[in-house]
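1. Provided below are the primary sequence and the corresponding predicted coordinates.
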Amino acid sequence: MGRIRAIRYALFFHGLFMAFFVWAGWTGSPSLEMQFKEHEFLAACREGNLPALEFYLGLEDFDPNEEFTSGETGKLICGLSLAVINGHEKVVKILADTEGVDLNQSYHGATPLFIACSSGLEEIVKILARTGKVDLNHPCNETAPVLIASINGHDKVVKILAQYETVDLNTHKEGITPLSAACRRGHEKVVEILARTGKVDLNHPIDEMTPVFIATISGHDKVVKILAQYETVDLNTHKKGITLLCAACRLGLEKVVEILARTGKVDLNHPIDEMTPVLIASMNGHDKVVEILAGTGKVDLNHACNGITPVLIASIYGHDEVVKTLLKAGATQNMELLSPLNVETHIINLLRDALKEVRQQEGQQQPNKMVVLYNIIFGGEEDVVSSPNVQSQVVPMAGSLPHISRLSLTETPKK
């Protein structure tokens, strides 16, 4: 009996001893700053206080996965997530090495790995990924860790994740892949890393737009240059007939046009509604783009779209430099046609032809896009604009009458 009583006393005082230390908390050095009123374990993870962290991990009945109320936000959060948020690599390493710690525990749907990828914390990503206990594809709001890293341009994080066979580099949210996201935001290094893996679909489209198309319309010439080096990338891809080159010519993206033209893999005369890239560039006054295209020696500078040549369209819009560039490059134009009277007659004839086409199509389908273009260019003509099929598209754009370039009427630049 005496032995049993002694054991009971020992257990009682041991429990009392442990309760005292739990109540007393961390009293060692360095002391916790306790910026917020919260559990000391959370404070240790927030502050990166390793001795305090190890003190709590050493307590027999302490659960490191327990969620405590954050003194900063008032929301429940586990210590690991808070350590990652604050970028404490050593705290994360200790917790990752501690048996029983759940490395996939989430905070509002975001795992520690997702938080680290979103913030570009590459060392923490390395620690978590190396454990082999982390789901590298676990999403937050349908967004995988590699996708959020690509969106935010964290190339070092993407490089780490790309080394793991289990990581899905073609993952997507609503069609947006890591590659298309990087192309949209111009993250060159991310694009290069993903493309080099050989595991990424370089032509995966979103809303009919491939990654290289997205990079083009976003004006990221360096990204276009990277993708253009890969044989599998389709540089003649298009959305509703609009090719990369046509889009770049419309936007005046000189570097993109130069990159595409140099590849030798792009059809420089491929039209959209009979409008070739050089005609589009001429209409929009992009003389440098016209110069690049003309310099290839492979572009038809006299291609006419319903009678309108690059020189004529540039003249109508008053783009003198474009006219100079075209004529210097060898474009030909009948000077008699460009007299003010003949230009007016020519335009009226074009409008009449367009009107016939509209009337033939009424009640069947929408008018040819070139009809709308004529009205925009020439200010509209009463019988054309009054057409039910055209009125809703043209009337709101009326009021900006272009002028005839004086240059095209008076002189021909010397070669």
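-> Cool, got the structure.
2. Who are the contact partners of Leu53?
-> With contacts defined as C-beta atoms under 8 Å, 6 or more residues apart in numbering, Leu53 is in contact with 41, 44-45, 79, 91, 94-95. To be clear about C-beta, it is placed using only N, CA and C from the backbone, and glycine gets the same treatment.
3. switch to 7 Å and redo it
-> In this structure, Leu53 makes contact with 44-45, 91, 94, judged by C-beta atoms under 7 Å, 6 or more residues apart in numbering.
4. name the element it belongs to?
-> Secondary-structure assignment from DSSP states H and E places Leu53 in helix 50-57.
5. now that helix, how far from the chain's geometric center?
-> How far helix 50-57 lies from its chain's middle: 43 Å, per C-alpha atoms, centre = their mean, to the nearest Å.
6. Then stretch 79-93?
-> Taking C-alpha atoms, centre = their mean, one finds the center of stretch 79-93 at 30 Å from the center of the full chain.
7. just the strands in the stretch 1-150 of the chain please.
-> Under the criterion DSSP state E, counting those that start in this stretch, strands of the stretch 1-150 of the chain are mapped to 68-69, 76-77.
8. Switch the ones you listed over to CSV; also include mean pLDDT, distance to Thr177 and mean neighbour count.
-> Shown next, in CSV, are those (pLDDT from 0 to 100; distance: least, C-beta to C-beta, whole Å; neighbours: other C-beta atoms under 10 Å):
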stretch, mean pLDDT, distance to Thr177, mean neighbour count
strand 68-69, 96, 38, 16
strand 76-77, 96, 31, 16
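9. nearest to Thr332, of the ones you listed?
-> strand 76-77 (73.4 Å; C-beta to C-beta).
10. Contacts for that closest one next, please.
-> With C-beta under 7 Å, 6+ apart, strand 76-77 has contacts from 67-70, 107.
11. Would you point out the most distant pair within the residues you listed?
-> Using C-beta to C-beta, the pair of the contacts of strand 76-77 lying farthest apart is Thr69 and Tyr107, separated by 12.8 Å.
12. got a markdown table for the strands of the stretch 1-150 of the chain, with distance to Leu50 too?
-> Supplementary listing: the strands of the stretch 1-150 of the chain in a markdown table, determined by distance: least, C-beta to C-beta, whole Å:
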| stretch | distance to Leu50 |
| --- | --- |
| strand 68-69 | 19 |
| strand 76-77 | 19 |
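13. Those strands: which one's closest to Val191?
-> Comparing the strands of the stretch 1-150 of the chain under C-beta to C-beta, the one sitting nearest is strand 76-77, at 34.6 Å.
14. who does the closest one pair up with?
-> With DSSP bridges as the test, strand 76-77 is paired with strand 68-69 (antiparallel).
15. for the partner strand, the distance to its chain's centre please.
-> Counting by C-alpha atoms, centre = their mean, strand 68-69 is centred 37 Å from the centre of its parent chain.
16. Repeat that for stretch 125-136.
-> Worked out by C-alpha atoms, centre = their mean, stretch 125-136 lies 27 Å from the chain centre.
17. try stretch 59-79
-> Distance of stretch 59-79 from its chain centroid, counting by C-alpha atoms, centre = their mean, is 37 Å.
18. what does stretch 289-302 give?
-> Between the centre of stretch 289-302 and the centre of its host chain there is 30 Å, according to C-alpha atoms, centre = their mean.
19. Can I get that stretch in CSV, CA atoms only?
-> Output in CSV follows, covering the C-alpha atoms of stretch 289-302 (Å, rounded to 0.1, in the frame of the first residue of the first chain):
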residue,chain,number,x,y,z
VAL,A,289,6.1,48.6,-88.7
VAL,A,290,5.6,49.3,-92.4
GLU,A,291,9.4,49.8,-92.7
ILE,A,292,10.1,46.5,-91.0
LEU,A,293,7.6,44.6,-93.3
ALA,A,294,8.8,46.3,-96.4
GLY,A,295,12.4,45.6,-95.5
THR,A,296,11.8,41.8,-95.7
GLY,A,297,11.3,42.0,-99.4
LYS,A,298,8.5,39.5,-99.0
VAL,A,299,5.5,41.8,-98.6
ASP,A,300,3.1,42.8,-101.3
LEU,A,301,3.1,46.6,-100.9
ASN,A,302,0.5,47.1,-103.6
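20. Same question for it: list its buried residues.
-> For stretch 289-302, a neighbour-count test (16 or more other C-beta atoms under 10 Å) marks 289-294, 299, 301 as buried.
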